[in-house]
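In: Quick one: sequence and predicted model below, then my questions.
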Amino acid sequence: MDPMSRFSVVPSGDTSPEGPARIDLERLLRRSAAGDEDAFAELYDAVSSRLYGLVRRVLRDPAQSEEVAQEVFLDIWRQSARFDPARGSALSWMLTIAHRRAVDRVRSAEASRQRDDTYGTSNQDVDHDSTSEAVVERLDAERVHRALATLTEAQRQALELAYLSGYTHTEVATMLDLPLGTAKTRIRDGLIRLRDTLGVTS
């Protein structure tokens, strides 16, 4: 069964006329693996709503869902060369990455809560600075936010609308009153700079 049919949560901003089933995602992944940012932008437009919807369904919290969805697309960009069509469809592969990321975030939060509960029970009379644990747990998110801060205002605005708010490139262009090509360029350039800042390789 197509795993896409199990995940029906879609951000309200999704008005893309073409769904993933009508686009050759495997071809776009191959082009992305070769470093084609335009192909990756097209891939994002095709599947962003589905992947964000899956993450949101697992995590429920909008802010965490946005962070994890961004991490998912960075993973897809970084790992696109590893996609093997013999083991399943491109959409299934990307949904698996999204689901794994979301579940990892849930497990991390649960483990943190259990550690806090255990420590609180056994050390009720001992003051303890738990800041270091919180820093470690939020390291990935903070790296992403620091990387976003290195972008130009125009790049950051376009990238946040596309990757954090779930809008398509066409919608971003409309919201920013830009030609579609300009909006795509800002998103692509921001993605490249973000990727380089985080030390991610294709």
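Out: Yep, it's here.
In: can you give me the helices in this structure?
Out: Ranges of helices in the chain, per DSSP state H, are 25-33, 37-59, 62-79, 90-122, 131-137, 139-149, 153-159, 169-175, 180-198.
In: Name the residues of stretch 193-202 that are buried.
Out: By neighbour count with 16 or more other Cβ atoms under 10 Å, stretch 193-202 contains the buried residues 193, 194, 195, 197, 198. Every residue, glycine included, has its C-beta placed from N, CA and C.
In: ok, the residues you listed vs residue 28, which is closest?
Out: residue 195 (17.0 Å; Cβ to Cβ).
In: Mind pulling up the pLDDT for the closest one?
Out: Residue 195 carries a pLDDT score of 79 in this model.
In: The one 3 residues further on now?
Out: Model confidence at residue 198, given as pLDDT, is 73.
In: Lowest average pLDDT across the helices of the chain?
Out: When I compare the helices of the chain, helix 131-137 is least confident, with a mean of 49.
In: right, and residue 28 touches residue 40 too?
Out: Yes - here residue 28 lies in contact with residue 40, judged by Cβ atoms under 8 Å, at a distance of 7.4 Å.
In: follow-up on the earlier one: winner for burial among the helices of the chain?
Out: Ranked by mean neighbour count, the helices of the chain are led by helix 37-59 with a mean of 22 (mean count of other Cβ atoms under 10 Å).
In: which strands and helices sit next to that one?
Out: Other helices and strands packing on helix 37-59, by 3 or more Cβ pairs under 8 Å, 6 or more residues apart in numbering; DSSP states H and E, are helix 25-33, helix 62-79, helix 90-122, helix 169-175, helix 180-198.
In: what's the last one in contact with?
Out: Okay, so that is helix 180-198. For helix 180-198, contacts defined as Cβ atoms under 8 Å, 6 or more residues apart in numbering pick out 37-38, 40-41, 74, 77-78, 143-144, 146-148, 150-152, 154-159, 162, 169-170, 172-173, 176, 178, 202.
In: the inter-axis angle of that helix versus helix 37-59?
Out: 70 degrees (axes from the mean of the first three to the mean of the last three Cα atoms, to 10 degrees).
In: Tabulate the CA atom coordinates of helix 180-198 in PDB.
Out: Output of helix 180-198 as PDB, limited to C-alpha atoms (Å, rounded to 0.1, in the frame of the first residue of the first chain):
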ATOM      1  CA  LEU A 180       8.800  33.300  -9.500                       C
ATOM      2  CA  GLY A 181      12.300  32.900 -10.800                       C
ATOM      3  CA  THR A 182      13.600  35.500  -8.300                       C
ATOM      4  CA  ALA A 183      11.900  33.700  -5.400                       C
ATOM      5  CA  LYS A 184      13.300  30.400  -6.500                       C
ATOM      6  CA  THR A 185      16.800  31.900  -6.700                       C
ATOM      7  CA  ARG A 186      16.600  33.300  -3.200                       C
ATOM      8  CA  ILE A 187      15.400  30.000  -1.800                       C
ATOM      9  CA  ARG A 188      18.000  28.100  -3.700                       C
ATOM     10  CA  ASP A 189      20.900  30.400  -2.700                       C
ATOM     11  CA  GLY A 190      19.700  30.400   0.900                       C
ATOM     12  CA  LEU A 191      19.600  26.600   0.900                       C
ATOM     13  CA  ILE A 192      23.100  26.400  -0.500                       C
ATOM     14  CA  ARG A 193      24.500  28.800   2.000                       C
ATOM     15  CA  LEU A 194      22.600  27.000   4.800                       C
ATOM     16  CA  ARG A 195      24.000  23.700   3.700                       C
ATOM     17  CA  ASP A 196      27.500  25.000   3.500                       C
ATOM     18  CA  THR A 197      27.300  26.600   7.000                       C
ATOM     19  CA  LEU A 198      26.100  23.300   8.500                       C
END
